[in-house]
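**Student:** sequence plus predicted model, see below.
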Amino acid sequence: MKGTGFLATTCIVTGALLAGGCATKKYVRNTTAPIQAKVDQVGEQTNRNGQQIEETRTTLTNQVKQVDEKAQSGISAAQERASTADQHALAADQHATDAMNRANQAAQTADSANRGLDNLRTTVANLDDYKLQTSASVPFKFNQFRLSDDAKQDLDRFADSVKPDKRFFIAVEGYTDSSGTKQYNEELSRRRADAVVEYLVAKHDIPIYRIHMVGLGEEKPVDEGRNRAARAKNRRVEVKIFSADQVTASLNQPDNSASRTETAPASITPDSASRQ
């Protein structure tokens with residue numbers, strides 16, 4: 001009886017202990033479960049935060065790179081614009097220099113024109129001082145403008161008479177007879193006048209600027225006749241020397257007398273050749 005009671009007591013104590021142990025484990029599980037959940041939640045949040053930080057770092061790095069690229073591009077563009085501006089400034093400076101040179105040239109041209117105008121005014125004012133000194137008539141064959149040997153000799157004597165002069169000019173007037181058209185005769189008269197001018201300039205070094213030449217065709221005939229002799233007289237070039245040296249010399253003399261007298265016009269005998 002006594003042994004049976006002890007066994008029962010032992011069973012009761014053991015059951016109580018077992019029951020207490022189970023209750024403790026359940027308590028522990030119930031207590032630690034929320035903590036573990038919190039820990040897991042914190043871990044996940046930490047992972048997400050890490051990912052966001054990495055993504056933010058990558059985004060910032062890309063943005064910094066883009067900003068740097070834009071800055072470099074802006075710097076390059078600014079340098080290019082500055083270089084272009086320098087080139088434009090150099091070009092503008094060159095244009096300004098060219099404009100200044102042209103202005104200087106224009107001023108020089110204007111000065112030359114003014115001097116030429118003054119000289120012209122002086123010449124015009126002194127036109128009355130020029131007097132006919134001598135003249136000659138150079139004949140030509142029908143429809144020809146070549147100088148004959150006799151005409152050249154007479155022009156040699158004519159040119160020698162003007163060489164001592166300092167203030168003079170020569171008037172050369174070409175003429176034809178009435179044969180042919182007016183246009184053709186004007187052209188032929190100019191060719192005849194050209195032949196005389198060329199000879200005086202080339203053979204006697206008379207300055208071309210002292211010679212005034214014109215072709216008048218059949219105008220101003222010396223003989224109005226219709227025969228061969230009259231036509232031969234009209235085929236001519238009249239050469240006249242106008243000089244102001246006589247007036248200058250007379251002004252320098254007390255009695256105002258001219259040092260040279262006007263000579264009578266020299267006449268070159270026409271060629272004896274008739275129309276062909």
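**Tutor:** Everything's here; your move. Numbering: from 1, shown residues only.
**Student:** what's the next secondary structure element after the host helix or strand of residue 92?
**Tutor:** In the assignment (DSSP states H and E), residue 92 maps to helix 2-125. Next in sequence after helix 2-125, counting helices and strands by DSSP H and E, comes strand 131-139.
**Student:** count of neighbours near residue 216?
**Tutor:** 16 (other CB atoms under 10 Å). No exception for glycine: its C-beta is placed from N, CA and C like everyone else's.
**Student:** which residues touch it?
**Tutor:** 173-175, 186, 189 (CB atoms under 8 Å, 6 or more residues apart in numbering).
**Student:** now do the helices in the stretch 101-250 of the chain.
**Tutor:** In chain order, the stretch 101-250 of the chain shows helices spanning 149-162, 182-204, 228-234, 245-252, with DSSP state H, counting those that start in this stretch as the criterion.
**Student:** and those: which comes nearest residue 95?
**Tutor:** When those are compared by CB to CB, helix 182-204 sits nearest residue 95, at 45.1 Å.
**Student:** please point out which parts of the closest one sit buried.
**Tutor:** Buried positions in helix 182-204, judged by neighbour count with 16 or more other CB atoms under 10 Å: 185-197, 199-200.
**Student:** same check, this time on stretch 162-179
**Tutor:** Result for stretch 162-179 [16+ other CB under 10 Å]: buried residues 162, 165, 167-177.
**Student:** how long is that stretch end to end?
**Tutor:** 34 Å (CA to CA, to the nearest Å).
**Student:** average pLDDT for the helix holding residue 92?
**Tutor:** Taken as a whole, helix 2-125 has a mean pLDDT of 72.
**Student:** sorry, back to before: ok, of the buried residues of helix 182-204, which one's closest to residue 107?
**Tutor:** Nearest to residue 107 among these, with distances taken as CB to CB, is residue 197, at 36.0 Å.
**Student:** could you pull up the contacting residues of the closest one?
**Tutor:** Counted by CB under 8 Å, 6+ apart, residue 197 has contacts 172, 208, 211, 213.
**Student:** and the third one, how far from residue 171?
**Tutor:** When you say that, I think you mean residue 211. Separation of residue 211 from residue 171 (CB to CB, to the nearest Å): 8 Å.
**Student:** what touches both of the two?
**Tutor:** By CB under 8 Å, 6+ apart, no residue touches both residue 211 and residue 171.
**Student:** residue ranges with poor pLDDT in the stretch 151-276 of the chain?
**Tutor:** 245-276 (pLDDT under 70).
**Student:** picking that back up, farthest pair within the buried residues of stretch 162-179?
**Tutor:** 167 and 177 (35.5 Å).
**Student:** which one of the helices of the stretch 101-250 of the chain lies closest to residue 49?
**Tutor:** Nearest of the helices of the stretch 101-250 of the chain (CB to CB): helix 182-204, 110.2 Å.
**Student:** now that closest one, how far from the centre of its chain.
**Tutor:** 39 Å (CA atoms, centre = their mean, to the nearest Å).
**Student:** now do that helix against strand 131-139, angle only.
**Tutor:** In terms of direction (axes from the mean of the first three to the mean of the last three CA atoms, to 10 degrees), helix 182-204 departs from strand 131-139 by 110 degrees.
**Student:** compute the inter-axis angle for helix 182-204 and helix 149-162.
**Tutor:** 60 degrees.
**Student:** CA atoms only for helix 182-204 - export them in PDB, please.
**Tutor:** Listed next in PDB are the C-alpha coordinates belonging to helix 182-204 (Å, rounded to 0.1, in the frame of the first residue of the first chain):
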ATOM      1  CA  LYS A 182      30.400 109.700-145.900                       C
ATOM      2  CA  GLN A 183      31.100 106.900-143.400                       C
ATOM      3  CA  TYR A 184      33.900 105.500-145.500                       C
ATOM      4  CA  ASN A 185      35.500 109.000-146.100                       C
ATOM      5  CA  GLU A 186      35.500 109.700-142.300                       C
ATOM      6  CA  GLU A 187      37.300 106.500-141.600                       C
ATOM      7  CA  LEU A 188      39.800 107.100-144.400                       C
ATOM      8  CA  SER A 189      40.400 110.600-143.200                       C
ATOM      9  CA  ARG A 190      41.200 109.300-139.700                       C
ATOM     10  CA  ARG A 191      43.600 106.800-141.100                       C
ATOM     11  CA  ARG A 192      45.400 109.500-143.000                       C
ATOM     12  CA  ALA A 193      45.600 111.600-139.800                       C
ATOM     13  CA  ASP A 194      46.800 108.600-137.900                       C
ATOM     14  CA  ALA A 195      49.700 108.100-140.400                       C
ATOM     15  CA  VAL A 196      50.900 111.700-139.900                       C
ATOM     16  CA  VAL A 197      50.600 111.400-136.100                       C
ATOM     17  CA  GLU A 198      52.500 108.100-136.000                       C
ATOM     18  CA  TYR A 199      55.300 109.500-138.100                       C
ATOM     19  CA  LEU A 200      55.700 112.600-135.900                       C
ATOM     20  CA  VAL A 201      55.700 110.600-132.700                       C
ATOM     21  CA  ALA A 202      57.900 107.700-133.900                       C
ATOM     22  CA  LYS A 203      60.400 109.600-136.000                       C
ATOM     23  CA  HIS A 204      60.700 112.900-134.100                       C
END
